[in-house]
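**Student:** build me a model from this:
(one chain, ligands or ions: 1)
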Amino acid sequence: MGTADSKKDVLHVEGGKPLSGTIKVRGAKNLVSKAMVAALLAPGTSVLKNVPEIRDVSVVSDLLRLHGVDVNFDGENGIVAIDATKVYLADVADVDTLSGSSRIPILFSGPLVHRLGEAFIPSLGGCNIGGRPIDFHLETLRKLGAKVDKEHTDGVHITAPDGLKGAKIHLPYPSVGATEQTLLAAVLADGRTELSGAATEPEIMDLVAILQKMGAIISVDVDRTFRIEGVKELKGYTHTALPDRIEAASWASAALATRGDIFVKGATQPDMTTFLNVFRKIGGEFDIRDNGIRFWHPGGDLHPIALETDVHPGFMTDWQQPLVVALTQANGLSTMHETVYENRFGFTEPLIEMGATVQLYRECLGALPCRFQQRNFKHSAVIFGPTPLTGRDIEVPDLRGGFSHLIAALTANGPSNVHGISLIDRGYADFRGKLFALGAKIG
Ligand code: EPU
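**Tutor:** Have a look, this model is predicted:
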C-alpha cells in the first residue's frame with residue numbers, strides 16, 4: 001500500500017523516555033468493521049457502541065453509503081447508527097474507488113447477495129504481510145450456491161439468482177475472514193450450513209453474538225465447527241463492541257520496551273490471557289482492574305522467550321510485531337515462529353538498522369512444523385538482546401509493523417523520523433494524542 005510522504009505524514013520522535021500515563025482503548029477494529037457489515041443483513045436500524053475513530057470505520061461507512069445505507073457516526077461518543085432499510089447496487093466505478101483500501105469489502109458478498117441478488121467486490125487492500133488470497137472466501141460462496149465471476153479486472157461479481165442454500169463447508173486453514181464470510185452468508189441461506197475447521201477468535205464470537213441478537217441461529221462445537229440454521233429474516237441490533245485486545249497489547253509492549261508504565265483503560269483480561277502469560281514470563285508486571293489493565297516494566301532485566309503465533313487461543317500474530325521490539329531489550333536469545341502469515345517479519349529490517357540483532361530463518365523454529373515448512377518464507381526470527389537502539393528515518397510498512405517502528409523510535413536514543421505514519425490511523429485511534437498523554441516527545 002502506498003504512503004503519501006507529505007510533512008503531515010511524518011512523525012518526529014525523540015526517543016529514550018519511558019511512556020507513562022493513562023490511555024483508553026475502544027472496540028476491536030477486527031470486530032467493528034464486520035459488525036457494520038452485519039447491519040446490512042436487516043432492514044431497519046442497528047446501533048454499535050464503543051466504536052473507535054479509525055480509518056477502517058470510515059472505509060466501511062463509505063462503502064455502506066455507496067449502497068444506499070444511512071450511516072451516522074458520533075465519533076466523540078463512539079456510537080454508529082446504521083439504517084439499512086434502503087439498499088441498492090452501488091455504481092461499480094464508485095465501489096472501485098475504494099478498492100485497495102481494506103480487506104472488509106469481500107465480507108459484503110453474502111449480505112448484498114441476500115438483499116439484492118448480486119454484489120460487486122473491488123480488489124482488496126489491507127496490510128502487505130503475505131499473499132492474503134481470498135480463495136477460501138470464494139469457495140465458501142460457491143458452496144453456498146453463488147456464481148463467482150472474476151471477469152472484471154479489478155474485482156469480483158457475485159450472483160445467486162436462486163438465493164444461497166445451506167451447505168457443508170470445510171476450511172483448509174482456520175481463516176478469520178473466511179469464517180466470518182460463511183457466517184454472514186449462511187445466516188439467511190435456505191437450510192443448514194456446517195462449517196468445520198473454522199476460526200473462533202473472540203472477535204468472531206462477538207460477531208456471532210450480534211447475529212444472534214439479529215435473530216440468527218448459530219452454534220459452535222468444541223472442535224471448531226459452526227452450525228448455522230438459516231432463518232427467513234433478521235432485524236437490527238444494538239451492541240457494544242468488545243475491546244481491542246490488539247491495541248491493548250501494543251501499548252503493553254510499548255510500556256515494556258520503553259521501561260514505562262501504561263494504564264490501558266477499557267482493556268479486559270479474558271481475551272488477553274495468552275498475551276498476559278507471555279508478558280509476565282518476559283518480566284513485565286500487570287494489574288487487572290475493573291476498568292482496564294495497567295502494564296509496566298518493574299526494572300531490572302527482561303527475560304527472553306521462545307514463542308509461536310497461532311490462531312485463537314494461541315498467541316495472536318497481531319501481537320507479534322510490537323512484542324518483538326520489546327524482545328530486543330530482553331537479556332538473551334528469543335525465538336518467534338510466525339505460523340499465520342508467511343511474510344510478517346519485513347518490519348525487522350529497520351530494527352536491525354537501529355541496532356537490534358534479529359536473524360530470520362526459513363525453518364520452523366517452534367514446537368510444530370507449520371504450513372510454511374519447506375517453503376521459501378523467512379517466517380522464524382531469532383532476537384538477541386539487549387541491544388540499545390538508535391533513532392533513524394523509518395518508513396512504515398504496514399499497520400502493526402508501523403506501530404512497532406513507533407515503539408522502536410520511542411525506545412531508541414536520539415531522534416527518529418517515522419514516515420508514512422497515517423497508515424497507523426487504520427487501526428490505532430488518535431495514537432498521536434495518546435502518545436502525548438503518555439509523555440512522548442513527538443512532533
Ligand atoms: N488465507 C488463505 N485464503 C483465504 C483467506 C486466508 O490462504 O481465502 C490465509 C491467509 O493468507 C493467512 C491465513 O489464511 O495466511 C489467515 O488469514 P485470515 O483469513 O485469518 O486473516 P484475515 O481475516 O484476512 C484477520 C485480521 C488480521 C489478523 C488475521 C488473523 C481483520 C480485518 N483482519 O485477517 O488483522 O491478522 O485475521 O488473526 O479482521 C490487523 O489487524 O493488523 C490484521 C492484519
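**Student:** whatever residue of the stretch 101-250 of the chain ends up closest to the ligand in helix, strand or coil?
**Tutor:** In the stretch 101-250 of the chain, the residue that lies nearest the ligand is residue 177 (2.8 Å; Cβ to the nearest ligand atom). To be clear about C-beta, it is placed using only N, CA and C from the backbone, and glycine gets the same treatment. Residue 177 carries the three-state label helix when classified by DSSP: H, G, I helix; E, B strand; the rest coil.
**Student:** number of nearby residues for it?
**Tutor:** Using other Cβ atoms under 10 Å, residue 177 has 21 neighbouring residues.
**Student:** from memory it sits against residue 106, does it?
**Tutor:** Yes: contact criterion Cβ atoms under 8 Å: residue 177 and residue 106 qualify, at 6.9 Å.
**Student:** rewinding a little: how much space between the residue of the stretch 101-250 of the chain closest to the ligand and residue 73?
**Tutor:** Distance of residue 177 to residue 73, given as Cβ to Cβ, to the nearest Å: 23 Å.
**Student:** next one: residue 279
**Tutor:** Remark: distance between residue 279 and residue 73 (Cβ to Cβ) = 33 Å.
**Student:** state the helix or strand in which residue 281 lies.
**Tutor:** Taking DSSP states H and E as the definition, residue 281 sits inside helix 273-282.
**Student:** more neighbours: residue 279 and residue 73, which one.
**Tutor:** More neighbours surround residue 279 than the other of residue 279 and residue 73, with 24 against 18 (other Cβ under 10 Å).
**Student:** spit out the contact partners of that one.
**Tutor:** 252, 256, 286, 295 (Cβ atoms under 8 Å, 6 or more residues apart in numbering).
**Student:** need the residues you listed in a markdown table (columns: distance to the ligand).
**Tutor:** Listed next are those as a markdown table, based on distance: Cβ to the nearest ligand atom, whole Å:
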| residue | distance to the ligand |
| --- | --- |
| 252 | 16 |
| 256 | 20 |
| 286 | 22 |
| 295 | 20 |
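**Student:** just those residues now: which is nearest residue 32?
**Tutor:** The nearest member of the contacts of residue 279 to residue 32, counting by Cβ to Cβ, is residue 252 at 20.7 Å.
**Student:** leaving out chain neighbours, which residue sits closest to that closest one?
**Tutor:** In space, residue 252 comes closest to residue 295 once its chain neighbours are excluded; the distance is 4.0 Å by Cβ to Cβ, 6 or more residues apart in numbering.
**Student:** and the one you found, that's in a helix?
**Tutor:** No: according to three-state DSSP, residue 295 belongs to no helix; its state is strand.
**Student:** tell me what it is bridged to.
**Tutor:** Counting by DSSP bridges, residue 295 forms beta bridges with residue 262, residue 286.
**Student:** verify the stated contact: it with residue 284.
**Tutor:** Yes: counting by Cβ under 8 Å, residue 284 is a contact partner of residue 295 at 6.2 Å.
**Student:** who has more neighbours out of those two?
**Tutor:** Applying other Cβ under 10 Å to residue 295 and residue 284 shows that residue 295 carries more neighbours, namely 26 against 20.
**Student:** and the more buried one, what does it touch?
**Tutor:** Counting by Cβ under 8 Å, 6+ apart, residue 295 touches 251, 252, 255, 256, 261, 262, 263, 264, 279, 284, 285, 286.
**Student:** one more time with 7 Å, if that's ok
**Tutor:** Residue 295 is in contact with 252, 255, 262, 264, 279, 284, 286, counting by Cβ atoms under 7 Å, 6 or more residues apart in numbering.
**Student:** confidence score at it?
**Tutor:** For residue 295, the pLDDT comes out at 98.
**Student:** alpha carbons only: can I get stretch 279-292 in PDB?
**Tutor:** Extracted as PDB, the C-alpha positions of stretch 279-292 are listed here (Å, rounded to 0.1, in the frame of the first residue of the first chain):
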ATOM      1  CA  PHE A 279       4.100 -10.600  29.300                       C
ATOM      2  CA  ARG A 280       4.600 -12.000  32.800                       C
ATOM      3  CA  LYS A 281       7.200 -14.600  31.600                       C
ATOM      4  CA  ILE A 282       9.200 -11.900  29.900                       C
ATOM      5  CA  GLY A 283       9.300 -10.000  33.200                       C
ATOM      6  CA  GLY A 284       6.500  -7.400  32.700                       C
ATOM      7  CA  GLU A 285       4.100  -6.600  35.500                       C
ATOM      8  CA  PHE A 286       0.400  -6.000  35.200                       C
ATOM      9  CA  ASP A 287      -2.500  -5.200  37.400                       C
ATOM     10  CA  ILE A 288      -6.000  -6.100  36.200                       C
ATOM     11  CA  ARG A 289      -8.700  -3.600  37.400                       C
ATOM     12  CA  ASP A 290     -12.400  -3.300  36.800                       C
ATOM     13  CA  ASN A 291     -11.900  -0.600  34.200                       C
ATOM     14  CA  GLY A 292      -8.700  -1.700  32.500                       C
END
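**Student:** what about it, distance to the chain center?
**Tutor:** What separates the centre of stretch 279-292 from the centre of its chain is 22 Å, taken as Cα atoms, centre = their mean, to the nearest Å.
**Student:** what about the helix or strand bottoming out on mean pLDDT in the chain, distance to the chain center?
**Tutor:** The weakest-scoring helix or strand in the chain, judged by mean pLDDT, DSSP states H and E, is helix 92-96 (a mean of 78). Taking the mean of its C-alpha atoms, helix 92-96 sits 25 Å from the chain's own mean (Cα atoms, centre = their mean).
**Student:** with stretch 28-40 instead?
**Tutor:** 12 Å.
**Student:** ok, so what distance separates the closest residue to residue 291 other than its chain neighbours from residue 292?
**Tutor:** Spatial nearest neighbour of residue 291, chain neighbours left out: residue 265 (5.8 Å); criterion: Cβ to Cβ, 6+ apart. Distance, residue 265 to residue 292, by Cβ to Cβ: 4 Å.
**Student:** more neighbours: those two, which one.
**Tutor:** residue 292 (21 against 16).
**Student:** which bits of the stretch 301-443 of the chain sit near the ligand?
**Tutor:** Residues of the stretch 301-443 of the chain that fall close to the ligand, judged by Cβ under 6 Å from any ligand atom: 317, 318, 340, 341, 399, 400, 427.
**Student:** coming back round to it: and the helix holding residue 281, is it in reach of the ligand?
**Tutor:** No: for helix 273-282, no contact with the ligand is found by Cβ under 6 Å from any ligand atom; the gap never falls below 12.7 Å.
**Student:** that helix: how far from the chain's middle?
**Tutor:** Relative to its chain's centre, helix 273-282 lies at 20 Å (Cα atoms, centre = their mean).
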